[in-house]
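> Sharing a model prediction with you, sequence too.
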Amino acid sequence: MADAAASTKGDLHLTNLVKAFGDFRAVDDLTLLIPEGSFFALLGPSGCGKTTTLRMIAGLEEPTSGKIAIGNTDITYAKPYARPVNTVFQNYALFPHLTIFENVAFGLRRRGIKDVKEAVTKVLALVELGHLADRKPVQLSGGQQQRIAVARAIVNRPALLLLDEPLGALDLKLRRQMQIELKWIQTEVGLTFVHVTHDQEEAMTMADTIAVMNEGRIEQMGSPVELYESPRTVFVANFLGQSNLVKGKVEGSSGSDLQVSVHGNRIVVPSARNFAKDNSDKSVLIGIRPEKISIEHGEANTLGGGIITDISFVGVSTQFQIQMPWGQELSVFEQNDGGASHLQTGDTVSLSWKPEFTFALDGTADVEAGTSVNPDED
Amino acid sequence: MKRWLSKNLIKIYAFAAFVYLFIPIAYTMAFSFNNAGKSNLTWRGFTLKNWQNPCGAPEVCSALGNSLKIGFIATLIATALGTMIAFALGRHRFRGRSTVNLLIFLPMATPEIVLGASLLAMFLNLGINPGFWPTVIAHVMFCISFVVVTVKARIASLDPKLEEAAMDLYATEVETFRRVTLPLVMPGIFGAALLAFSLSFDDFIITNFNSGTLTTFPKFVYISSARGIPAQANVIGSSMFLIALAIVLVGQFVSSRKKRV
């Protein structure tokens, strides 16, 4: 974390923010600090409240209660045009009757800036579309429109740039390219970016910090690595990548490790990675990411007697579905470096992994949380 | 043969449909060049004298002037009022909105003859004599519905995100309306005004009830049909058609040029 005292000027503070539509609380008591200059992602499935949060920050939606402030300035009830915040809308919302130049100049002109030419030319050069200044938005491709939407917002040098699913309308290849480009632009202009998305890969590629939202609340917040390697809830474990979650019971602890019995096998979990609430029956969910497991390599944590039910080759890796003696199917991703090429469907195998990759979650939680949400839907 | 027919049937059909649509217009135009005597019913030779002197027939140009005046005033008022109603209906949720939506359609569905007669009865009961202004009021009334329907369709196709984007880019409510909403709805308003003008200019039934001794162009044509329509009426009819055509062509040209830039 940067020096807190030095960077508070442009930090975004959300304090106990609530947005209710009738009985439904779209955003439920949200408190969040987004440091100035960071690339922050709000990640979650559709209807988790991330877009509503964004619209409240933009001033397009009025909070039911709570406070929004940039630095020391309260902007909770300020009109959208009276706050130093600009938005890149989901379908860009470029003005169809204005040229690209006038689209980009729109915000500057409304603020009474007379000489807009230099600023507009500069920002169009930044997004490499200077040659299209005289065109109308309909004459541009999706990727070009997307860049103009970004240019139209950043030319105003807002304290905060909001991006509402900015890459949702682009095809996969273009999306990858724009992810890198957006990240580069953010570094270049040094503005605070708040990025709303349902695409976990997009969030992980671009953001410094991700807040995973579910049902109007933040499930977990942290760096992409932190969220991926140490998910603290079942929802996060399943929504960000895949996880194998197996029921177990805490038997005891030795040193800095926790001993857990999993269907008769002894599994070691570092105590520091035990995120379960301390409940009376000591039940936990043992979590391990599929790519951390190896088939037949004797590491300390081993589950035996699995039968391969499905093998799918996906280029860089091969994905195995393995049915365990207690009926549960676990996933294993093996690198295609020759080590697992002899395996066939029906083979009996042991799964093993290093204890430090294991994490433990609340045993009473729903194992399916975060899996059934379709990340491709809005 | 069968092959040829199946390939070209749609073209033949289209050609026939256009012939059917344009024969009356072609007939009107052709007879504007007729060296007509008292009546313009039979072809008596080509002449340009009707076009050289379109006001030659008695009263034809004063009737045209009345129609244009009524048309312009009614269009102006109906477009202004109708656009405001369309914005209210298209952009705001209020009690009785669906009822208003329905009521707006009623004047379009009511037979003109009934509207005309009722309006006359109302004016007389109010002690207002038929004439220029009662005709304008009547025209505004039946034009409003068409304006509302046309403008509302345009507003409905407008992405509300555009207005949000404008507000996000430091435009106040008034600026947003002036810089984004109005320019985008303008084609709809313009189309509605043209429609209102042509409806007003063309109207005979309601006008006949409410105009008293005032003669409008359709009324002039109707009255003179008893003793023979002068060829000047054809000249004026043809001119209206050509002016409308020119407006459409210029509009097409301008918008295609805009797209190419």
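Alright, I've got the coordinates.

> Kindly state the domain boundaries assigned to chain A.
A:12-229, A:242-362 (automatic domain parsing).

> gap between the shortest one and the chain center?
Same thing as domain A:242-362. In terms of CA atoms, centre = their mean, to the nearest Å, the centre of domain A:242-362 is found 25 Å from the chain centre.

> okay, how far is it across it, tip to tip?
The first and final residues of domain A:242-362 sit 17 Å from each other (CA to CA, to the nearest Å).

> which bits of chain B sit near chain A?
Within chain B, the positions adjacent to chain A are B:159, B:161-162, B:164-172, B:175, B:179-180, B:183-184, B:258-259, B:261 by CB under 8 Å from any CB of the partner chain. From N, CA and C alone the C-beta is placed, and that goes for glycine too.

> Can you select the buried ones among these for me in PyMOL?
The following PyMOL line selects those of the residues of chain B next to chain A that are buried, judged by 16 or more other CB atoms under 10 Å in any protein chain shown:
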select buried, chain B and resi 161+162+164+165+166+167+168+169+170+171+175+179+180+184
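
> Which of the residues of chain B next to chain A fall in helices?
B:161-162, B:164-168, B:175, B:183-184, B:258-259 (DSSP state H).

> Take the residues you listed and write them to a markdown table, including pLDDT.
Shown next, in a markdown table, are those (pLDDT from 0 to 100):
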| residue | pLDDT |
| --- | --- |
| B:161 | 92 |
| B:162 | 95 |
| B:164 | 94 |
| B:165 | 95 |
| B:166 | 96 |
| B:167 | 95 |
| B:168 | 95 |
| B:175 | 95 |
| B:183 | 94 |
| B:184 | 94 |
| B:258 | 65 |
| B:259 | 59 |
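
> Buried ones in the lengthiest strand in chain A, by neighbour count?
The strand that spans the most residues within chain A, counting by DSSP state E, is strand A:301-313. Of the residues in strand A:301-313, A:301, A:303, A:305-306, A:308, A:311 count as buried by neighbour count, 16+ other CB under 10 Å.

> Which strand or helix spans the closest residue to residue B:208 other than its chain neighbours?
Spatial nearest neighbour of residue B:208, excluding adjacent residues (CB to CB, 6 or more residues apart in numbering or on different chains): residue B:219 at 6.1 Å. Using DSSP states H and E, residue B:219 sits in helix B:217-224.

> quick one: the helices in chain A?
Listed in chain order, the helices of chain A (DSSP H) span A:50-58, A:100-110, A:117-126, A:142-154, A:172-189, A:200-206, A:224-229, A:234-239.

> residues in contact with residue A:62?
Listed by CB atoms under 8 Å, 6 or more residues apart in numbering or on different chains, the contact set of residue A:62 reads A:56, A:77.

> if we go to 10 Å?
By CB atoms under 10 Å, 6 or more residues apart in numbering or on different chains, the residues touching residue A:62 are A:19, A:55-56, A:76-77.

> And it, how far from residue A:90?
Residue A:62 sits at a distance of 20 Å from residue A:90 (criterion: CB to CB, to the nearest Å).

> and if you look at residue A:227?
For residue A:227 relative to residue A:90 (CB to CB), the value is 24 Å.

> And for residue A:284?
Counting by CB to CB, the gap from residue A:284 to residue A:90 is 40 Å.

> ok, residue 69 - contacts?
I went with chain A, as the question did not name one. By CB under 10 Å, 6+ apart, residue A:69 lies in contact with A:11-15, A:75-76.

> Switch to chain B, please.
By CB under 10 Å, 6+ apart, residue B:69 lies in contact with B:132, B:135-136, B:216.

> what residue ranges in the chain score low on pLDDT?
Assuming you mean chain A. A:1-8, A:279-280, A:372-378 (pLDDT under 70).

> Actually, chain B is the one I wanted.
For chain B, the stretches flagged by pLDDT under 70 are B:258-261.

> Nearest the geometric middle of it, what residue?
The centroid of chain B falls nearest to residue B:198 when counting by CA atoms, centre = their mean (1.8 Å).

> How about that residue: what's its closest non-neighbour residue?
Distances taken as CB to CB, 6+ apart place residue B:244 nearest to residue B:198, at 7.7 Å, with adjacent residues excluded.

> The host helix or strand of that neighbour: how far from the chain's middle?
Taking DSSP H and E as the definition, residue B:244 sits inside helix B:231-260. Its chain's C-alpha centre and that of helix B:231-260 lie 14 Å apart, by CA atoms, centre = their mean.
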